Structure formats: structure tokens, C-alpha cells
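Asker: Coordinates for the following, if possible.
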Amino acid sequence: MKKLRFLTTGLFLLGVLVFGSFFASTAANAAELSVLVPTERAVYQRNEKNKADLLIRVKYESDQHVTAALLSEDNTACSETVSLTATEGNAGIYEGTIPDVPAGGWYKLNIQGKASADGEAEVSQTVEKIGVGEVFITAGQSNSCSFGETQTYAQEDMVSAFDPKKDVWQHCDDPQPCISGYSEGNGKGSPWPSAGDALFEKLQVPIGFVTTGYGGSTIAQLLDKHYAAILDAIETLRPYGYRAILLHQGEGDSGIGTKQKDYAESLMKLIQQTRKDAGYDLIWMVANAAYNPWTSIAANNEILEAQKEVCDEETIFLGPLTDDMDKDSGYRRKQDNLHFNEEGLKEHGRRWAEAITTKLIPDYSQLPPDEPDPTPAPPAPSTPEPATPVPVPPVITNTPAPAPTAAPPEETKPVSLKGKTFKSGMFQYKITTDQKNRKKVKIIAINGKTKKSITIPKKVKYKGSSYQISAIEKKALNKLKKLRKLKAPSTIYKTCRATLKRKKVVVKKY
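Answerer: Predicted structure coming up:
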């Protein structure tokens, strides 16, 4: 009886062990595959062709085949299936790229582990909401991060923010996720949810932000003790890419009386350091911001002029002016008259979106449609070998054949684009001069009837060339019914001022 009981107990334990081993093995297999890059809600920066190459990084503890494919939200395949390759020196890490993904989203990413290239998937993972659009690193002091009076939230689903602590993307809600310390202390509102909404409305592509600001920082401190967050953002976004770094800073320096020369030097050092760390001349946009209710107008102007001095409008662009949003404007919170209230945060975000779309985003509507893959030519029909020709006696003549004369090469002349019209941002341009050293355009229309404040850029890029804005048609200005403030480059300042004088529009030159 004891033997039977022992045998029964042994069989039961053996069954438990076998079942447990099988269950554990199955659970382990199910957990073997994990997607490191991208995470849900990730946004990849689109390139000049309005596309992006999606870098995929997967951890898979198995010597098998790993594939990746992109799906639309209705689970329809919208890319070729690509094989991921095991990386050297990183056990279990596979990488690959899905090339030329069109701007848009959301997409789904499907990863599969297989025993063989043509076998059935043994394990799979799906990452929801992958986008191709516009990504920005934001930097500066308190008004660049979460110090507003109240938290704000992006209304559009396709606006994301990156959390550097968790290495994941999330919906762009305040407070913005970041690692820069004091910027998290307030835990309230920022301009980026509103900027994201406005950018999505204009561009109709996913938008992503990475916040690095530090409350109270001077421009010199951003390069010194507060630089780690900016560097981390540059390194983290290498799989995704980004359009530009957006800087809102200046209040701290006007408060301590920093001079124009010193501020400009520190700002250029900061920009140069980011470019060194990035490995290329990344784009910057610098807000024209210095307002501090406890300092003089002269101290503020030192910073405003320094910011203008650094911006060349080619790789460093002047961003939105915010000093007119002072304590009397209704945009600042009453407790300190320095940080923005809810309406101020939204207006701040709208101004950023306006500056970005006007100066940083190329006109993708000018791109030619994708050409279909060329159809291979059918094989040439086989032809019989020609018959051996019968030799013909040469014709003897005393007139030598003339030597062949090479045809002169055709002179290639550059195609002039003079007279060509194109659109960039809210402005429509006409090329007036297209010579080598004189590339100029004039503005012939402005799509901004409801705009109250507009900044006209100094230059605009078209087909790889930079054109100076040298003229503006008066009829373009006359249609701006609600305009109250205009910033214009010196080349067209007089025309703008004369045209808008009767409308009592404040026109400033920069």
C-alpha cells in the first residue's frame, strides 16, 4: 500500500514537474521577443523626400530569423517584410531598417520570430502607433518647460512627447517628461501641447517633442551644468532624427544684466557644442525672448539684439517674439508676471507653430510624385546567326575618305527659374532674379487673413537654393484684415510700413 501511495505521489509530482517545465518553457518563449526601438507613439523625422527610414531594434534570445513589417491601422501591409540582423557584440540584439516610409501615421509595427525564413511565426510582437512626421528638441529655461500656471494637453492624438527616464513615447500632456531637474519642480504647463496641435493642423503629420529645459538657467549654464539633458536628447533621438532644437531662453540673462556681446558668444558656443556632439550642423530656432518684469527695457533689449545677431536665417532661425506678451497683455500669471497663464501657454504654442511652419518646414507639395518601379524589358528574341558574307573586292579610288569630324559639345546652360512662383509656409513667392550671385524673390500673396501677428523671413529656400526676399506686393498686405503686428526684414520694411500705416499696424524692422 505504501509502495502504491509512493508511486502515485511520484507520478503526480513528475506530472507537475513536466507540466510546470512545459508551462515555464512556453512562457519563456512568449517573453523572449521584445521590441526596444521603437516604442508606442514614436515619431520618426521625415526627410527632404517626405519619407523616413525606420530603424528597428529587437531583443530576441534565440538563434532564429527575425522579421519586421509595417501595417496600416486596418492591418493592411504597407511595407515589404525585412529581415533583422544579429548585431556583433550584442548577444540577442537584432537590428534592421524599413526604408522609405511615407510621412503619416499611425502605423503598426509587426515583429516575428521564426525558426526558418519561410516558416511560421513562433513568437510575435506588435507596436501600435508609429508615425513619420516632425520631431523637435526643446531647450531653455522655465518658460520652455513646465512652469506655466496650469497644465495643458494636446487635443490631437498624433502629438507625442518622449520620456527620457523610461525611454518611451507618450501622449503630449503636461507636465512634460524630462530629466533636467528643476524644470520638473513646478509640474504645471508648457507651450508644447498647443504647439503640437497647431503644427498637426497645418502639416497633418505626427509631431514629437523632447523637453530639456531647466528653470532659471542662464544661457551660459545651459552649456555648463545643465547641458546633460540636451546631450541625452541628441543621443536618444539618433534612431528617430529631429528637425531642430527650439530654444526659449533669455529672462535669466536680462535679470542679471548680461550684455549683448557676451550673450551672443555664449549662445554660439552652445550651438557649436550641440553640432559637435550631433556630428553635423543641426538646425536651431531661437525665440526672441527676454521679458523680465523686474528688469529694465534696456536690459531686455541687450538679449533681444543678441538673439537677432546670432540668427543667420539659414541654419539658425529667429523664432517667435514673446516680449510683447508682457504683464499687461493678459498672458502672464498674476502671481509673478513672468510665467504664462493658460491662455498665454496656448498663444506661446501657436507662435512657435507659426514660426516653425514659416521657416523650417519645406514645401512638400512641390515634390514630384513617386515614380513606379521600372518594368524590366522583355528578353530580346533569339535571332539566327547571320550567314557568312561573300567577300567583295575593294573599290580602288584616288580620293581619300575625309577624316571624321567630332561634333562640338552642346553648351549646357543653366535653366533659369525667373518668373516661377512657389509657396512656402503662408507665403507665395515669385522669383525675380535667378543669376548665380543674385537670387531674389518677391512676396505676391500671404495666406494669413486671420493672423494678428506675422514675421516675414529674410530668405526662403527653393529647389536647393536660398533666395533673398527683396520685394513685396502691396496687394498681399492689403488682404491682412486682422493684422496688428508685422516684423519685416530691412529689404521690405519701408514698403510694409507705408502700406500698413493707415491700418495702424505696428511694423518692426529686424
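Asker: And what about the nearest residue to K420 once chain neighbours are set aside, helix, strand or coil?
Answerer: Distances taken as CB to CB, 6 or more residues apart in numbering place I431 nearest to K420, at 4.9 Å, with adjacent residues excluded. For glycine as for every other residue, the C-beta is placed from the backbone atoms N, C-alpha and C. Secondary structure assignment for I431 (DSSP: H, G, I helix; E, B strand; the rest coil): strand.
Asker: same check, this time on K346
Answerer: Applying three-state DSSP: K346 is helix.
Asker: secondary structure class for the nearest residue to it once chain neighbours are set aside?
Answerer: Once flanking residues are discounted, K346 sits nearest to S194: 4.4 Å by CB to CB, 6+ apart. Secondary structure assignment for S194 (three-state DSSP): helix.
Asker: What is the neighbour count of S194?
Answerer: 26 (other CB atoms under 10 Å).
Asker: my read: it touches G344, true?
Answerer: No. Applying CB atoms under 8 Å as the test, S194 and G344 come out as separate, 10.1 Å apart.
Asker: Quick check: neighbours shared by these two?
Answerer: Common neighbours of S194 and G344, using CB atoms under 8 Å, 6 or more residues apart in numbering, do not exist here.
Asker: what's A233 in contact with, if anything?
Answerer: Taking CB under 8 Å, 6+ apart as the test, what A233 contacts is 137, 162, 164, 210, 212.
Asker: The helix or strand hosting the fourth one - contacts with which helices or strands?
Answerer: Meaning V210. Assigned by DSSP states H and E, V210 belongs to strand 207-211. Contact analysis of strand 207-211 by 3 or more CB pairs under 8 Å, 6 or more residues apart in numbering; DSSP states H and E lists strand 121-140, strand 159-163, helix 192-203 as its packing neighbours.
Asker: Give the pairing partners of the longest one; include direction for each.
Answerer: In the sheet containing strand 121-140, the strands it pairs with under DSSP bridges are strand 43-45 (parallel), strand 104-114 (antiparallel), strand 207-211 (parallel), strand 244-248 (parallel).
Asker: check contacts around the residue nearest to K452 when sequence neighbours are not counted.
Answerer: Leaving out its chain neighbours, the residue that sits closest to K452 by CB to CB, 6+ apart is R484, at 4.9 Å. By CB under 8 Å, 6+ apart, R484 lies in contact with 452-453, 505-506.
Asker: Turn these into a markdown table, including distance to I492, neighbour count and secondary structure.
Answerer: A markdown table is the format used below for the contacts of R484 (distance: CB to CB, whole Å; neighbours: other CB atoms under 10 Å; DSSP: H, G, I helix; E, B strand; the rest coil):
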| residue | distance to I492 | neighbour count | secondary structure |
| --- | --- | --- | --- |
| K452 | 20 | 12 | coil |
| S453 | 17 | 20 | strand |
| V505 | 14 | 19 | coil |
| V506 | 16 | 13 | strand |
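Asker: any idea which of the residues you listed is the one closest to T322?
Answerer: Within those, proximity to T322 (CB to CB) peaks at S453, which comes in at 10.8 Å.
Asker: I figured the closest one hits K485, correct?
Answerer: Yes. The pair S453 and K485 passes the contact test of CB under 8 Å, sitting 4.3 Å apart.
Asker: about what we covered before: the residue nearest to K420: neighbouring residues, count only.
Answerer: I431: 20 surrounding residues under other CB under 10 Å.
Asker: next one: Q112
Answerer: Using other CB under 10 Å, Q112 is surrounded by 21 other residues.
Asker: Please name the bridge partners of it.
Answerer: On the basis of DSSP bridges, Q112 is bridged to T67, S124.
Asker: do W284 as well
Answerer: Beta-bridge partners, per DSSP bridges, of W284: I245, I316.
Asker: pLDDT score for it?
Answerer: Looking at W284, its pLDDT stands at 97.
Asker: Distance from the chain centre to stretch 342-355, please.
Answerer: 18 Å (CA atoms, centre = their mean, to the nearest Å).
Asker: which parts of it are buried?
Answerer: Within stretch 342-355, the residues that qualify as buried are 342, 344-355, counting by 16 or more other CB atoms under 10 Å.
Asker: Same check on stretch 439-446?
Answerer: For stretch 439-446, burial by neighbour count (16+ other CB under 10 Å) applies to 439-443, 445-446.
Asker: any idea of the mean pLDDT in it?
Answerer: Rounded mean pLDDT across stretch 439-446 is 91.
Asker: Identify all contacting residues around stretch 59-69.
Answerer: Contacts for stretch 59-69 (CB under 8 Å, 6+ apart): 32-34, 36, 56, 58, 77, 79-84, 86, 92-94, 96, 98, 109-117, 119, 122.
Asker: try 7 Å
Answerer: 32-34, 36, 56, 58, 77, 79, 81-84, 92-94, 96, 98, 109-117 (CB atoms under 7 Å, 6 or more residues apart in numbering).
Asker: swap in stretch 442-462?
Answerer: Residues contacting stretch 442-462 (CB under 7 Å, 6+ apart): 313-314, 355, 358-359, 421-422, 424, 426-430, 432, 441, 466-473, 476, 479-489, 492.
Asker: Give me the buried entries from these.
Answerer: Buried members of the contacts of stretch 442-462, scored by 16+ other CB under 10 Å, are 313, 355, 358-359, 422, 424, 426-430, 432, 441, 467-470, 472-473, 476, 480, 483, 485-489, 492.
Asker: In contact with the residue nearest to K346, which residues?
Answerer: With CB under 7 Å, 6+ apart, S194 has these contacts: 152, 345-346, 349-350.
Asker: For the contacts of R484, work out which two are farthest apart.
Answerer: K452 and V506 (10.7 Å).
Asker: Overlap in contacts, the two.
Answerer: Joint contacts of K452 and V506 (CB under 7 Å, 6+ apart) are 484-485.
Asker: quick revisit: a markdown table please, covering the contacts of A233 and showing pLDDT and neighbour count.
Answerer: As requested, the contacts of A233 are exported to a markdown table (pLDDT from 0 to 100; neighbours: other CB atoms under 10 Å):
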| residue | pLDDT | neighbour count |
| --- | --- | --- |
| I137 | 97 | 26 |
| F162 | 96 | 27 |
| P164 | 91 | 18 |
| V210 | 97 | 29 |
| T212 | 94 | 28 |
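Asker: quick one: which of these is nearest A244?
Answerer: Nearest to A244 among the contacts of A233, with distances taken as CB to CB, is I137, at 7.6 Å.
Asker: Please name the residues that touch the closest one.
Answerer: Taking CB under 7 Å, 6+ apart as the test, what I137 contacts is 210, 212, 230, 233, 242, 245.
Asker: One more: T218?
Answerer: Under the criterion of CB under 7 Å, 6+ apart, the neighbours of T218 are 252-253, 256.
Asker: So how do I select the buried members of the residues you listed in PyMOL?
Answerer: Only the buried entries of the contacts of T218 go into this PyMOL selection, using 16+ other CB under 10 Å:
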select buried, resi 252+253
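Asker: pLDDT score assigned to the closest residue to E122 other than its chain neighbours?
Answerer: Sequence neighbours aside, G113 is the residue nearest to E122 in space, at 5.5 Å (criterion: CB to CB, 6+ apart). Reported pLDDT at G113 in the predicted model: 87.
Asker: and if you look at P400?
Answerer: pLDDT, P400: 35.
Asker: for the one 5 residues further on, same thing?
Answerer: At T405, the model reports a pLDDT of 34.
Asker: just the contacts of A233 now: which is nearest G148?
Answerer: For these, the nearest to G148 is T212 (16.9 Å; CB to CB).
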